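K.L.:
Just a sequence and a predicted model for now, questions to come.
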Amino acid sequence: MAPGLSRLNSSDFDYWAAQHLLQRAGFGGTPAQVLALKNMGLEDAVDSLVEYEDVDETGITSDVEGRFDHNIMRPLTREERQLRTRARRSGNEDVLERFRNERQMRQRADRRQLAELQAWWMGRMIESNRPFQEKMTLFLHGHFATGYRPVEDSYHMFLQNELFRKHAAGNFKNDLARNIIRDPAMIKYLNNNQNKKTAPNENLARELMELFTLGEGRGYGENDIKQGARALTGYTYLDDRFRFNQSDHDDELKVIFGKRGRWNGDDFIDLIFTRPSASQFICEKLYRYFVNDSPGITEGDGRSMVRQMARVLESDDWELKPLMKRLFMSKAFYAPENRSSIIKSPVQLVVQSVRSLRTPSRNLSRLVDACTLMGQGLFTPPSVKGWDGGRKWINTSTLFTRQNTLVFLLTGREPGSQPWATGEGGFDARHLVDHLRDVPGRDRDQDAVRYLSRFTIGTIPEEERIEEWVDYLRTNGGADDNDTIINLLALMTAAPEYQLC
């Protein structure tokens, strides 16, 4: 019988189980952080990650509202609109040209602010004392995927990011689904600001069911989309806030899932979450993100686990926190087949490398650019479906960028630059093996290689590769030589296994 959500024995929560938890529920950690988590014991370790509200974030969240300018893409004032209208009617090209130039200037400024926002979030994921909150924020960004280019308002993207962070471990139905239909970025992205009773727009209603709650073709039909779109008429925004425009709302009778009423957007959410496929679909997404993303896994070995997760989510009235605690304390989560079973996303690869190896972050903007080249641009998902993930992360081009990025983090060396000058990387890697003291009768270099290989690639490889690494370490200064350890890490992080977590 599959272990499912049955609880892991406390005695089985060892150092490597703690590392697995920290990588999956967050972005990994240093040897000292892993050991501290292991020493807490299973339940307290999970609580320390999931019950994050009391964890201090001073310095990361301070003055966050003042960090980004909400006026860059502000709508024209009434007076400005009137001036532009008069200019169009009179053919005053000077005034119209001034408006065009102003618009272009604002767009350039907004693109610069987007780059600042991307770097800010990258830095936050690297530095945060609440890694699970940031990991869930990243999950929600991919689940409720919204791209900057159609939105063209970096501040609206920031507001959505803060919405996900605020409700990262909250109620999926009441905190997330209800708020996403009121989110200015999502409303613009899916054109719901054009959804009026005289001319319904079905985009938000369709994607709300197909991609956000029920899954494609699962428990709804075309009529439910049309009627759901009517329920969402008048759901728009003004400047940076949601606005319900009563005059554009269709208040007539609608039939959704066979139920008749004068349904509005909140009613539509309530009706969606009565469908059996809702909990199943959401838990499939969570399972793939946190447990195993192998092709077909939720139709095969993971099906029973997903069903159990769905029952927990429903019984706890769509609260995410109890479900995630059960998941992170389950035998299945720590099962051998579910370790090193997920291909690291570009963001996971970069952030985990910095957090666990404690390399310098070097240049946040370049890390953002590297993630974009690897296929995961923050705030720029390829479509409303988000990122496919899994094996789609890896191809010849992205693998080359992955390896170059890891060398950059370890050594500070840019691709195509001069060979790395030892001692100039600004990274002391010896902390990774400091706990491996000289013990009579033991080979410290052997111990260092075996520990580092399991710490980085999740396994101890075949003896031939171990011996090659040990020989390299011995002949180049041993485990006390910083440059040698960095070069050894460069070899290990180039291994195919390092792409997994």
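P.N.:
Good, I have the coordinates.

K.L.:
tell me the contacts of the closest residue to G26 other than its chain neighbours?
P.N.:
Spatial nearest neighbour of G26, chain neighbours left out: P131 (2.7 Å); criterion: C-beta to C-beta, 6 or more residues apart in numbering. C-beta here means a position set from N, CA and C on the backbone, and glycine is covered the same way. P131 sits next to 22, 25-27, 29, 49, 125, 355 when contact means C-beta atoms under 8 Å, 6 or more residues apart in numbering.

K.L.:
so of the residues you listed, which ones are in helices?
P.N.:
Members of those lying in helices (criterion: DSSP state H): 22, 25, 49, 125, 355.

K.L.:
which residues touch the second one?
P.N.:
Pointing back at A25 there. 46, 49-50, 131-132, 135, 290, 324, 328.

K.L.:
Domains in this structure, by residue range?
P.N.:
Here the domain parsing of the chain from automatic domain parsing is 9-50, 346-411, 429-499.

K.L.:
got those domains as CSV, with distance to Y220 and mean pLDDT columns?
P.N.:
What follows is these, written out as CSV (distance: least, C-beta to C-beta, whole Å; pLDDT from 0 to 100):
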stretch, distance to Y220, mean pLDDT
domain 9-50, 32, 98
domain 346-411, 17, 97
domain 429-499, 37, 93
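
K.L.:
can those go into TSV with extra columns for distance to D240?
P.N.:
Output for the domains of the chain, formatted as TSV (distance: least, C-beta to C-beta, whole Å):
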stretch	distance to D240
domain 9-50	30
domain 346-411	16
domain 429-499	40
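
K.L.:
Which one of the ones you listed lies nearest to I180?
P.N.:
For the domains of the chain, the distance to I180 is smallest for domain 346-411, at 11.9 Å, taking C-beta to C-beta.

K.L.:
Going by neighbour count, list what's buried in stretch 217-225.
P.N.:
219-220, 224-225 (16 or more other C-beta atoms under 10 Å).

K.L.:
Now do the residue of the chain positioned farthest from its centre against F99, distance only.
P.N.:
Most distant residue from the mean C-alpha position of the chain: S90, 50.5 Å away (C-alpha atoms, centre = their mean). Relative to F99, S90 is positioned 14 Å away (C-beta to C-beta, to the nearest Å).

K.L.:
and T493, what is it in contact with?
P.N.:
353, 403, 406, 410, 456.

K.L.:
could you redo the last one with a cut-off of 10 Å?
P.N.:
By C-beta atoms under 10 Å, 6 or more residues apart in numbering, the residues touching T493 are 349, 353, 357, 402-403, 405-407, 409-410, 456-457, 499.

K.L.:
Which of those fall in helices?
P.N.:
349, 353, 357, 402-403, 405-407, 409-410, 456-457.

K.L.:
Out of those, which is nearest to R465?
P.N.:
I457 (10.1 Å).

K.L.:
now the closest one, nearest residue through space, not along the chain?
P.N.:
Nearest to I457 is E497, by C-beta to C-beta, 6+ apart, at 3.7 Å.

K.L.:
Quick check: which element contains V255?
P.N.:
Under the criterion of DSSP states H and E, V255 resides in strand 254-256.

K.L.:
Identify the residues contacting G389.
P.N.:
142, 288-289, 293, 342-345, 375-376.

K.L.:
With secondary structure and distance to H249 as extra columns, can I get those residues in JSON lines?
P.N.:
JSON lines is the format used below for the contacts of G389 (DSSP: H, G, I helix; E, B strand; the rest coil; distance: C-beta to C-beta, whole Å):
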{"residue": "G142", "secondary structure": "helix", "distance to H249": "31"}
{"residue": "R288", "secondary structure": "helix", "distance to H249": "37"}
{"residue": "Y289", "secondary structure": "helix", "distance to H249": "35"}
{"residue": "D293", "secondary structure": "coil", "distance to H249": "40"}
{"residue": "I342", "secondary structure": "coil", "distance to H249": "43"}
{"residue": "I343", "secondary structure": "strand", "distance to H249": "44"}
{"residue": "K344", "secondary structure": "coil", "distance to H249": "45"}
{"residue": "S345", "secondary structure": "coil", "distance to H249": "39"}
{"residue": "G375", "secondary structure": "coil", "distance to H249": "40"}
{"residue": "Q376", "secondary structure": "coil", "distance to H249": "37"}
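
K.L.:
chain center to stretch 450-468: distance?
P.N.:
The chain centroid and the centroid of stretch 450-468 are separated by 29 Å under C-alpha atoms, centre = their mean, to the nearest Å.

K.L.:
for stretch 29-36, same thing?
P.N.:
22 Å.

K.L.:
can you list contacts of that stretch?
P.N.:
Contacts for stretch 29-36 (C-beta under 10 Å, 6+ apart): 15-23, 26, 28, 37, 45, 48, 131, 352, 355-358, 431-436, 451-452, 455.

K.L.:
rerun at 8 Å
P.N.:
15, 18-19, 22, 37, 131, 355-358, 431-432, 435, 455.

K.L.:
Over to stretch 101-118?
P.N.:
68-69, 72-73, 148, 152-155, 157-158, 161, 365, 368, 377-379.

K.L.:
Looking at these, which are in helices?
P.N.:
148, 154-155, 157-158, 161, 365, 368.
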